[in-house]
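> I would like to see how this sequence folds:
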Amino acid sequence: PWVAWCGRLVEAMVPELRSIADDMRGDGLDSGTVTYNRILGPIGRHRDGKELGQAPRGQCNINYIISCTDDRAQTHAERRDGTVQSYPSRPNTAWCLDTSVPHWVECQGEREFVQICVHEPLDRVVQWFRDRSNSS
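Okay, the predicted model is just below:
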C-alpha cells in the first residue's frame, strides 16, 4: 500500500521544500514536484523511468523522512559502478537518492516522507547543497 499526495496543497503545507525547489530552479537545476508519501512495507527493486527528453540529464530525489516504524528500514541504490549506496529511514533526516539506477527499500513497517524530484544527476544536486552550505 502506497499513498502519494502532490500538488499545490502539499506545497502550501511545506513551503520550505517548495522554496528549496524554487532556489534550485533559480540556479539552473530542473527541480520538479514536492510529494508527500506514506508506504507500508518494502518497495521492490526498480528504476524511475521518464519519457525520452523528460529528464535527459538524470534524476534524483531528495527524501526527507518524517516517520518510520521499522528501526532497520533502509533504502538502497545500485550505482553505475556496481557499488550500493544505502541510507537508513531515520526520522528528521534528508537524503539524496539517484533514482535513475536500480533502487529499492527494505522495510517491515510504515514509512512517511516528503520528496523533491530533481531531473539532474545525483552528483550535481549534492554539489548544489555543498555549495549552498559553504556560502553561508
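> When you work out contacts or count neighbours from here on, use the C-alpha atoms and nothing else.
Noted.
> What are the boundaries of the helices in this protein?
8-13, 15-26, 122-135 (DSSP state H).
> out of those, deepest packed?
Neighbour counts (mean count of other CA atoms under 10 Å) averaged over each of the helices of the chain peak at helix 15-26, with a mean of 15.
> residues in contact with it?
Helix 15-26 is touched from outside by 11, 30-32, 34, 116, 128, with contacts defined as CA atoms under 8 Å, 6 or more residues apart in numbering.
> switch to 7 Å and redo it
Contact with helix 15-26 is made by 11, 31, 34, as judged by CA atoms under 7 Å, 6 or more residues apart in numbering.
> Figure out which of the helices of the chain is closest to Arg47.
helix 122-135 (14.1 Å; CA to CA).
> Tell me which residue is most central in this structure.
Compute the mean C-alpha point of the chain, and by CA atoms, centre = their mean the closest residue is Asn61, 2.5 Å away.
> how about the residue nearest to that one when sequence neighbours are not counted, what does it touch?
With sequence-adjacent residues excluded and distances taken as CA to CA, 6 or more residues apart in numbering, Asn61 is closest to Cys117, at 4.5 Å. With contact taken as CA under 7 Å, 6+ apart, Cys117 is in contact with 31-34, 60-62.
> One more: Ala4?
By CA under 7 Å, 6+ apart, the contact set of Ala4 is 35-38.
> Within the sheet, what are the partner strands of the lowest-mean-pLDDT helix or strand in the chain, with directions?
Lowest mean confidence among the helices and strands of the chain (mean pLDDT, DSSP states H and E): strand 2-6, at a mean of 76. Strand pairing for strand 2-6, determined by DSSP bridges: strand 31-40 (antiparallel).
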